Structures are given as structure tokens and as C-alpha cells.
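Visitor: next input, structure requested:
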Amino acid sequence: MSLLVIAYLGGVLTILSPCILPVLPFVFARAGQPFVKSTLPMLAGMAMTFALVATLAAVGGSWAVHANEYGRYLALALLAVFGVTLVSPQLAAVLARPVVALANKLLNSAGGPRSTPTAASSLILGIATGLLWAPCAGPILGLVLTGAALQGANVQTTLLFIAYSAGAATSLAVAVLIGGRIFAAMKQTLGAGEWLRRGLGIAVIGGVVVIGLGADTGYLARLPSFNTGKFEQALLDAVHSNKPQVATMPADKVVLATEVRQNYRSDLPVEGQFPSLDGAVEWLNSPPLTTEQLRGKVVLVDFWTFSCINCIHTVPHVRAWYEKYKDQGLVVIGVHAPEYAFEKKIDNVKKAISDFKIGYPVAIDNNFKIWQAFDNSYWPAHYFIDAKGQIRYHHFGEGDYEESEKVIQDLLAEAKSEQAENHPAAPALRNNG
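Guide: From the prediction side, this is the model:
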């Protein structure tokens, strides 16, 4: 029961996340309409559809990926028709009379003063919106998604998804109620009802275009966002006392990677051994790598997925570390673990790798084998491994980039020191000294 409450509260916090922005035009297009007949069915449809889609993603299989993909196409087409009817019912009728006539009968959403929305039409719009909604995976949703991916579809994970989406629907309902009052006041004082309707239609069409082109994550990644991760982690800590502790390192102990100090050892603790990299369904930018091949190298393992806004924020930093330190012995491995079904499609991952200009190896972890080996629960998550194959540091989420780079420098310096000590000429040099 406590996890259901936490999942619900995590959903409530999504209103503060940039990932809610792409679906806001679809939701606010119902602002000012009767709440029970319009807003409530739409949000219920959105919540239930997201829970179903997330559950199907846990089932796995190509059919689930295709179902999610085709469902998104259908949702985009339906919402595009909805947007056109808001902008101009007459134009919509001319362009596609049979389709729009059916859509108007089904949606009953032309937006004129005589149209009255029905619960069924609002529910259908909510279902379409739910097919397109991909919320940011903070600690709470990450925990639920991880459980679903590892345990498969079951009643518990479905209930958690429903609780999370119900929380998001609650905060959206409050926002729509407030927005509806604002719209009503504008109509009365400015007589702007027709222009408001058209403006909402343009916003809906714009949302369809942006999502259809896959440009929504790129735009959102450029926006400053309010990070709810600390609030979510606090909620989880209230129930679970085993919060992962991130190792810390005094800044004055850092040795630059270019320095070679005899008998240098980093103060970073050993957190565990480098787990197996077996289980990836495919490797991109590299043949399959093993922990044995990587012995002697400093390794950064980055768990990410291409639609995760937090991951998109961290990728440029990871890419910069790779370019800066790859010639000094750093190996970066991106482990792509999908949040949603459409992220399991390898062609989509390849496009993202090209768009993000990622040149380091990427393991496609669709079955979460590497994820399980690391006992990971976060997007993004960075694990820093020394030349002996030991995990020495980890960081979850965004931020602390300077500290992470210091860890890289420290481990590279330690590796250089060990290489110098093990060099055949090292004993002779020490004796001559």
C-alpha cells in the first residue's frame, strides 16, 4: 500500500517536469468544458492508457513494440484531426469530409458555441494522449519501470502504473480547472472565445507535429527544468532505509590524469567488482566487449535511454569526457536500457546515437541483463571502474559533473602509477635511485 501511495505522489510531481509539456495542448484543449463530461474522462483515458502501454512494454516481444508504434501513429492522426476541427471546422470538412465528419461525430469537438462534448469523445482523446505521453523517469517511476522490466507484467506493477498516472491526472485536473476559469474570464471580458479556440487548435496541431517528428525531447532538453528527483528520493527513503550511498572524494586528493606519481593510490573506496557485460542484444559503434578485455582500462558505464530528458542533459558531458580522456586510457560504454516499448527498436536507438553524435560503444540492453548485473535502478546512472576491474564510484541523475570528472582523472592517474610500477624497467630504476 505504501508503494501505491508513493507512486501516486510521484505522478502528482510530474506537473513540474518538462516531459508533461508535449501533452499539455491536448489536455488544455478541453479547458472551459464541463469537468465531469469532458476533462475527467479525458484524464482517465490518458491515465489508463499509459498504464496499459507501460505494462505491455514490460511484456516484451516485437509485437508490443509494433503495437506501441502503430498506436502512436493512430493517436497522432486522431489528434491532428481534432486540432484541425478546432482551428476551422469548415476547412476540415473541405479537406477530408468523410473522415472529419466521422471524427466530429465521434469526438463532438468542433468547439463552436453549440457543440457539447460527450464523455465518450473525451475518453477517446484521453486514450490518444496516453499513447503519446512518455513521462520523465525519476526515482519513483524508475523503480516501477525497473520492477516491471525485471518481473514482467503482473497485477502489482500495473497497479503501480495506474497509481502513478492517476497522480499525474490529478495535478493536470487542478491545472485545467484553473485554466478553465481563466479562459472563461477572457471570453467574457474580451469576447475572445473564437480566437481562444483557434489558438488551442494551433497548439494541438503544433504538438502533433513536434511529437511526430520526434523533436519534442530535443526541444525539452534545452529548457531549464525543476528537478523533482530529490523530493521523489525523499519519499522513497521514508519507506526504504537502504538508499544507495554515493561515495565522496576530497578534492585535494585528486591527481590529474597527466601526472604519474609513484605508488599513488586513490582514496576512493571499492564498491564492488565490474559485473558482466553479457546479455546485450546488440552492440553499436563496437564489437561486443567483455570485462576481461577492459582490464587495465578505466571504464565509465553510462545507463541511459534516448527519450529520457535527464539522460539527454548528461550525454554531452559523457561525450566530452570520452573525447578528452580516450587517449589516456578511458573507455566509455553507454548501456541503452529502454523505458518504453518504442525505445526497444534498434533503428530508433541508432538514430539517437547519430543525433547525439555518440562515438563510444553502446550496448543495447533490451532485456535488462546488464542492468540487473549492476543492480541498477536509475536513468541516468554512471559507474566508474578502475583498471583492476573494481567499481570505485557511482552517480545517479544529473549534476556533479566536475566531481565526476575528478574521479576519472583520479582513476587514470592511479592506473598510470600502477603501469609505471609494473613496467619491466621499474625495479632497475628504483635500485638506481
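Visitor: CA atoms for contacts and neighbours, from now on please.
Guide: OK.
Visitor: neighbours around Lys357, how many?
Guide: Counted with other Cα atoms under 10 Å, residues neighbouring Lys357 total 12.
Visitor: pLDDT at it, what is it?
Guide: pLDDT, Lys357: 92.
Visitor: can you check Ser109 too?
Guide: Here, the pLDDT recorded for Ser109 equals 47.
Visitor: cool, the one 4 residues further on as well?
Guide: Here the pLDDT value assigned to Pro113 is 41.
Visitor: average pLDDT across the host helix or strand of Glu402?
Guide: Using DSSP states H and E, Glu402 sits in helix 401-422. Helix 401-422 carries an average pLDDT of 85.
Visitor: in it, what counts as buried?
Guide: Across helix 401-422, burial judged by 16 or more other Cα atoms under 10 Å covers 403-404, 406-421.
Visitor: how about stretch 373-383?
Guide: Buried, per 16+ other Cα under 10 Å, within stretch 373-383: 374, 376-383.
Visitor: of these, which is the nearest to Arg295?
Guide: Comparing those against Arg295 with Cα to Cα picks out Tyr383 as the nearest, at 15.3 Å.
Visitor: SS state for the residue nearest to the closest one when sequence neighbours are not counted?
Guide: Among residues not flanking Tyr383 along the chain, His394 sits closest, at 4.5 Å (Cα to Cα, 6 or more residues apart in numbering). Following DSSP: H, G, I helix; E, B strand; the rest coil, the label given to His394 is strand.
Visitor: keeping just the C-alphas, turn the helix holding Glu402 into CSV.
Guide: The C-alpha coordinates for helix 401-422 follow below in CSV (Å, rounded to 0.1, in the frame of the first residue of the first chain):
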residue,chain,number,x,y,z
TYR,A,401,29.9,16.9,-13.4
GLU,A,402,33.1,18.4,-12.0
GLU,A,403,33.3,15.8,-9.3
SER,A,404,32.7,13.0,-11.8
GLU,A,405,35.5,14.3,-14.0
LYS,A,406,37.8,14.5,-11.0
VAL,A,407,37.0,10.8,-10.4
ILE,A,408,38.0,10.0,-14.0
GLN,A,409,41.3,11.9,-13.5
ASP,A,410,42.0,10.2,-10.2
LEU,A,411,41.4,6.7,-11.5
LEU,A,412,43.5,7.4,-14.7
ALA,A,413,46.3,8.7,-12.5
GLU,A,414,46.2,5.6,-10.3
ALA,A,415,46.2,3.4,-13.4
LYS,A,416,49.3,5.2,-14.8
SER,A,417,51.1,4.8,-11.4
GLU,A,418,50.4,1.1,-11.5
GLN,A,419,51.5,0.7,-15.1
ALA,A,420,54.8,2.5,-14.2
GLU,A,421,55.4,0.2,-11.2
ASN,A,422,54.7,-2.9,-13.3
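Visitor: and it, what does it pack onto?
Guide: Applying 3 or more Cα pairs under 8 Å, 6 or more residues apart in numbering; DSSP states H and E, we find helix 401-422 packed against strand 298-304.
Visitor: give the other helices and strands that the strand it packs on contacts.
Guide: Here strand 298-304 touches strand 330-336, strand 381-385, helix 401-422, going by 3+ Cα pairs under 8 Å, 6+ apart.
Visitor: other residues contacting that strand?
Guide: If you take Cα atoms under 8 Å, 6 or more residues apart in numbering as the criterion, strand 298-304 is touched by 311, 329-338, 371, 378-387, 408, 411-412, 415.
Visitor: give me that answer again for 7 Å
Guide: 311, 329-337, 379-387, 411-412 (Cα atoms under 7 Å, 6 or more residues apart in numbering).
Visitor: next secondary structure after that strand?
Guide: Per DSSP H and E, the first helix or strand lying C-terminal to strand 298-304 is helix 309-325.
Visitor: check the average confidence over that next one, would you?
Guide: For helix 309-325, mean pLDDT is 90.
Visitor: taking strand 381-385 as reference, get the angle to that helix.
Guide: Taking axes from the mean of the first three to the mean of the last three Cα atoms, to 10 degrees, one finds that helix 309-325 is oriented at 30 degrees with respect to strand 381-385.
Visitor: elements contacting helix 309-325?
Guide: The elements that helix 309-325 packs onto, with contact taken as 3 or more Cα pairs under 7 Å, 6 or more residues apart in numbering; DSSP states H and E, are helix 216-221.
Visitor: relative to Ile358, how far out is the closest residue to Gly359 other than its chain neighbours?
Guide: In space, Gly359 comes closest to Asn285 once its chain neighbours are excluded; the distance is 6.6 Å by Cα to Cα, 6+ apart. Counting by Cα to Cα, to the nearest Å, the separation of Asn285 from Ile358 is 9 Å.
Visitor: more neighbours: which of those two?
Guide: Using other Cα under 10 Å, the more surrounded residue of Asn285 and Ile358 is Ile358, with 19 against 13.
Visitor: export the helix or strand that Ala120 is a member of as PDB, just CAs?
Guide: Applying DSSP H and E as the criterion places Ala120 in helix 119-132. Only the C-alpha atoms of helix 119-132 are listed here, as PDB (Å, rounded to 0.1, in the frame of the first residue of the first chain):
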ATOM      1  CA  ALA A 119     -17.800  11.600 -22.100                       C
ATOM      2  CA  ALA A 120     -17.100   9.100 -24.900                       C
ATOM      3  CA  SER A 121     -15.400  11.700 -27.200                       C
ATOM      4  CA  SER A 122     -13.300  13.000 -24.300                       C
ATOM      5  CA  LEU A 123     -12.300   9.400 -23.300                       C
ATOM      6  CA  ILE A 124     -11.100   8.700 -26.900                       C
ATOM      7  CA  LEU A 125      -9.000  11.900 -26.800                       C
ATOM      8  CA  GLY A 126      -7.500  10.800 -23.500                       C
ATOM      9  CA  ILE A 127      -6.600   7.400 -24.900                       C
ATOM     10  CA  ALA A 128      -4.800   9.100 -27.800                       C
ATOM     11  CA  THR A 129      -3.000  11.400 -25.400                       C
ATOM     12  CA  GLY A 130      -2.000   8.400 -23.200                       C
ATOM     13  CA  LEU A 131      -0.400   6.700 -26.200                       C
ATOM     14  CA  LEU A 132       1.900   9.700 -26.700                       C
END
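Visitor: change the start of the numbering to 2 and stick with it
Guide: Okay, residue one is now 2; in that scheme the one you just asked about reads as helix 120-133.
Visitor: which SSE is the closest residue to Leu160 other than its chain neighbours in?
Guide: Computed as Cα to Cα, 6+ apart, the closest residue to Leu160 that is not its neighbour in sequence is Leu5, at 7.5 Å. Taking DSSP H and E as the definition, Leu5 sits inside helix 3-13.
Visitor: which strands and helices sit next to that helix?
Guide: With contacts taken as 3+ Cα pairs under 7 Å, 6+ apart, helix 3-13 sits against helix 156-191.
Visitor: which of the residues in the next helix or strand after the helix it packs on are classified as buried?
Guide: Next along the chain after helix 156-191, taking DSSP H and E as the criterion, comes helix 194-213. For helix 194-213, the buried set under the neighbour-count rule, 16+ other Cα under 10 Å, comprises 194, 197-209, 211-212.
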